[in-house]
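J.: mind looking at a prediction? Sequence and model below.
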Amino acid sequence: MHLLHLFDLSLIARCDEPALEWNGTTFTFGELESRSNRVANALRARGFVKGDRLCVYLANRVELIDIYLACVKLGVIFVPINILYRDREIAHITGDAEPRVLIDEQSLPALMDEAAHADDSRPSESLDGPTPAAIIYTSGTTGASKGAVLTHDNFAANAVNLLAAWQIGERDRFLLALPLFHIHALGNGLHTWLISGCRLRLLERFDHRSAIDELLEFQPTLFFGVPTIYVRLLETPIEAARAIGATMRLFVSGSAPLPARVFEQFRERFGHAILERYGMTETFMNLSNPYVGERRPGTVGFPLPGIAARIVDGELEVKGANVFAGYWRRPEATAASFTEDGFFRTGDLAERSTDGYYTLLGRRGDLIISGGFNIYPREIEELLLEQAGVREAAVTGVADELRGEVPIAFLVGDFDEAELERICRAELASFKVPRRFARVDSIPRTALGKVQKHLLPR
């Protein structure tokens with residue numbers, strides 16, 4: 001089977017049912033089927049064929065869903081780009097993926113105008129489980145991001161697991177405020193919605209100033225968030241929090257560790273124990289706290305059905321139908337990521353309790369996770385070292401109450417801090433910009449020249 005077989009449980013079988021609320025308009029599943037068919041036929045008229053890549057640089061909107069579904073129907077590989085990325089980062093992805101086209105705010109109207117005049121019958125294409133559905137770029141330790149090739153089978157295995165493990169069904173009301181360029185919203189949110197046939201309200205982004213009103217008005221039963229969002233929701237007045245909690249069935253958190261303090265404060269205020277789980281771009285969801293049973297603070301629970309997990313030399317390794325096909329055009333990186341017996345090396349350190357709960361202990365490398373986004377210091381360091389006067393650079397993460405971690409830069413040389421910040425804001429996504437540029441006399445290194453970041457002042 002491929003994804004359309006599962007999507008048709010809603011697009012065809014529930015064609016008259018309300019599917020999506022976006023910007024004050026409600027679309028049925030049948031309308032989404034017709035819209036995406038027209039986009040697919042417009043893309044085919046442009047020359048797109050199975051295996052072509054299409055990059056999308058858009059904030060959440062109904063047209064982004066139209067384009068994704070069109071790509072699935074054509075066998076075109078969907079390549080979402082973080083909307084916080086700037087020219088430098090976008091150029092790397094487009095240069096690596098070599099898409100036939102990049103769709104952004106400027107080019108979207110032309111495509112949608114072509115689609116408005118296209119046939120709304122579904123195009124025919126030969127698809128199967130191993131067919132690539134998306135390439136999602138995840139940063140590498142060298143600063144050059146790698147494209148994880150995700151197949152129909154990968155997406156399907158993940159969604160079916162979550163539908164069963166988290167009891168997601170057509171009666172749910174799902175409020176989704178996470179960005180669809182991220183595996184969290186695309187792989188978990190979009191696919192569980194399309195397969196279950198529940199009602200989705202999509203927001204362009206999470207805005208803490210309007211979030212309470214959205215939650216009270218829509219009365220969702222299902223909500224996916226990252227720790228930063230749950231920290232913000234702790235500001236909700238107790239009366240509103242209780243009202244939101246009264247209609248909610250499940251709060252899920254992921255993309256970064258959820259502090260136990262936030263877990264307990266949220267349970268006290270909303271009356272719900274947040275379900276924390278663990279996944280990666282390359283693997284979708286690997287482990288989850290139970291829907292029924294103890295959701296243990298600070299842990300990520302147990303391996304999901306069909307997923308094998310083990311700890312080797314402190315590092316968590318996983319294996320299952322959820323694990324990606326490999327890195328786009330990087331056979332050596334792909335080979336290095338897998339063991340001889342087919343387990344994927346996650347790079348995350350973990351431990352397992354005697355009763356089976358897994359706890360993550362941090363990255364084997366020096367990954368910084370800020371507000372659910374991955375930051376690899378080397379990328380920032382390379383940009384800083386390009387600037388006049390900077391002789392040495394080391395970027396590391398420090399604890400932050402709201403975002404979990406934020407990057408700070410330690411620099412040797414003669415430089416203007418304000419100018420460095422300006423350059424970083426122009427060249428990097430906002431969450432990657434160092435919060436502080438600290439001048440130091442030297443950066444500690446081993447005898448072999450390796451930077452000892454743990455010896456840097458904080």
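T.: Done, it's in. Residues are numbered from 1 along each chain as shown.
J.: name the residues of the host helix or strand of Ile408 that are buried.
T.: With secondary structure defined by DSSP states H and E, Ile408 is part of strand 404-413. Neighbour counts over strand 404-413 (16 or more other Cβ atoms under 10 Å) mark Gly404, Glu405, Val406, Pro407, Ile408, Ala409, Phe410, Leu411, Val412 as buried. (Glycine included, C-beta is placed from N, CA and C.)
J.: partner strands of that strand, with direction?
T.: Each strand paired with strand 404-413, and its direction, by DSSP bridges: strand 390-400 (antiparallel), strand 437-439 (parallel).
J.: quick one on the thing from earlier: dump the buried residues of strand 404-413 into TSV; add pLDDT as well.
T.: Output for those, formatted as TSV (pLDDT from 0 to 100):
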residue	pLDDT
Gly404	92
Glu405	92
Val406	95
Pro407	95
Ile408	96
Ala409	97
Phe410	96
Leu411	96
Val412	93
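J.: go through these and name the one nearest Leu111.
T.: Nearest to Leu111 among those is Pro407, at 36.1 Å by Cβ to Cβ.
J.: distance of that closest one relative to Arg363?
T.: 14 Å (Cβ to Cβ, to the nearest Å).
J.: kindly report the same for Cys15.
T.: For Cys15 relative to Arg363 (Cβ to Cβ), the value is 45 Å.
J.: likewise Ala260?
T.: With Cβ to Cβ as the criterion, Ala260 and Arg363 are 19 Å apart.
J.: give me the more crowded residue out of the two.
T.: Neighbours per residue (other Cβ atoms under 10 Å) separate Ala260 from Arg363, with Arg363 holding more: 18 against 13.
J.: pLDDT at that one, what is it?
T.: According to the prediction, Arg363 has pLDDT 73.
J.: torsion angles phi and psi at it?
T.: phi -80, psi 150 (degrees, to the nearest 10).
J.: and what of Gln387?
T.: The phi/psi pair for Gln387 (degrees, to the nearest 10) is phi -90, psi 140.
J.: hang on, isn't it packed against Arg422?
T.: No. Here Gln387 lies out of contact with Arg422, judged by Cβ atoms under 8 Å, at a distance of 10.6 Å.
J.: okay, these two: which has more neighbours?
T.: Higher neighbour count among Gln387 and Arg422: Gln387, with 16 against 12, using other Cβ under 10 Å.
J.: quick one: that one from Ala393, how far?
T.: Gln387 sits 9 Å away from Ala393, going by Cβ to Cβ.
J.: next: Tyr57.
T.: From Tyr57 to Ala393 the distance is 28 Å (Cβ to Cβ).
J.: who's more crowded, the two?
T.: More crowded of Tyr57 and Ala393, by other Cβ under 10 Å: Ala393, with 26 against 21.
J.: quick check: bridge partners of the more buried one?
T.: Assigned bridge partners for Ala393, using DSSP bridges, are Leu411.
J.: shouldn't it be in contact with Ala409?
T.: Yes. Ala393 is within contact range of Ala409, at 6.2 Å (criterion: Cβ under 8 Å).
J.: anything in contact with each of those two?
T.: Jointly contacting Ala393 and Ala409 under the rule Cβ atoms under 8 Å, 6 or more residues apart in numbering are Ile380, Glu381, Leu384.
J.: show me which of the residues you listed has the smallest pLDDT value.
T.: In this model, the minimum pLDDT among those belongs to Glu381 (88).
J.: what's near enough to touch the closest residue to Leu175 other than its chain neighbours?
T.: Excluding its sequence neighbours, the residue lying closest to Leu175 (Cβ to Cβ, 6 or more residues apart in numbering) is Pro220, at 3.9 Å. Contacts for Pro220 (Cβ under 8 Å, 6+ apart) come out as Asp172, Arg173, Phe174, Leu175, Arg201, Thr247, Met248.
J.: and stretch 362-379, how far out from the chain middle?
T.: 14 Å (Cα atoms, centre = their mean, to the nearest Å).
J.: buried residues, that stretch. List them.
T.: 363-364, 366-379.
J.: end-to-end on it?
T.: 20 Å (Cα to Cα, to the nearest Å).
J.: contacts for it, please.
T.: Outside of stretch 362-379, the residues within contact range by Cβ under 8 Å, 6+ apart are 82, 84, 138-143, 182, 184, 226-228, 254-257, 314-315, 347-349, 394-397, 400, 402-407, 428-429, 431-432, 453.
J.: which of those residues are buried? Put it as a PyMOL command.
T.: Command for PyMOL that selects the buried part of the contacts of stretch 362-379, burial taken from 16+ other Cβ under 10 Å:
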select buried, resi 82+138+139+140+182+184+226+227+228+254+255+256+257+315+347+348+349+394+395+396+397+403+404+405+406+407+428+429+431+432
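J.: give me the subset of the contacts of stretch 362-379 lying in strands.
T.: Among these, the members found in strands (DSSP state E) are 138, 315, 347-349, 394-397, 400, 404-407.
J.: looking at these, spot the one nearest Trp166.
T.: Once Cβ to Cβ is applied, the member of those that ends up nearest Trp166 is Asp348, at 21.9 Å.
J.: can you tell me the closest non-neighbouring residue to the closest one?
T.: Asp348 sits nearest to Leu316 (Cβ to Cβ, 6+ apart), 4.9 Å away.
J.: let me know the pLDDT of the one you found.
T.: Per-residue pLDDT puts Leu316 at 97.
J.: repeat for Thr141
T.: Thr141 is given a pLDDT of 40.
J.: for Leu455, same thing?
T.: Per-residue pLDDT puts Leu455 at 85.
J.: circling back to that earlier point, export only the CA atoms of the strand holding Ile408, formatted as PDB.
T.: Presented in PDB, the C-alpha positions along strand 404-413 are these (Å, rounded to 0.1, in the frame of the first residue of the first chain):
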ATOM      1  CA  GLY A 404      15.300  25.200  26.700                       C
ATOM      2  CA  GLU A 405      18.600  26.200  25.200                       C
ATOM      3  CA  VAL A 406      20.000  29.200  23.300                       C
ATOM      4  CA  PRO A 407      23.300  29.500  21.500                       C
ATOM      5  CA  ILE A 408      26.100  31.800  22.600                       C
ATOM      6  CA  ALA A 409      29.400  32.500  20.800                       C
ATOM      7  CA  PHE A 410      32.900  32.800  22.200                       C
ATOM      8  CA  LEU A 411      35.300  34.700  19.900                       C
ATOM      9  CA  VAL A 412      38.900  35.500  19.700                       C
ATOM     10  CA  GLY A 413      39.900  38.600  17.800                       C
END
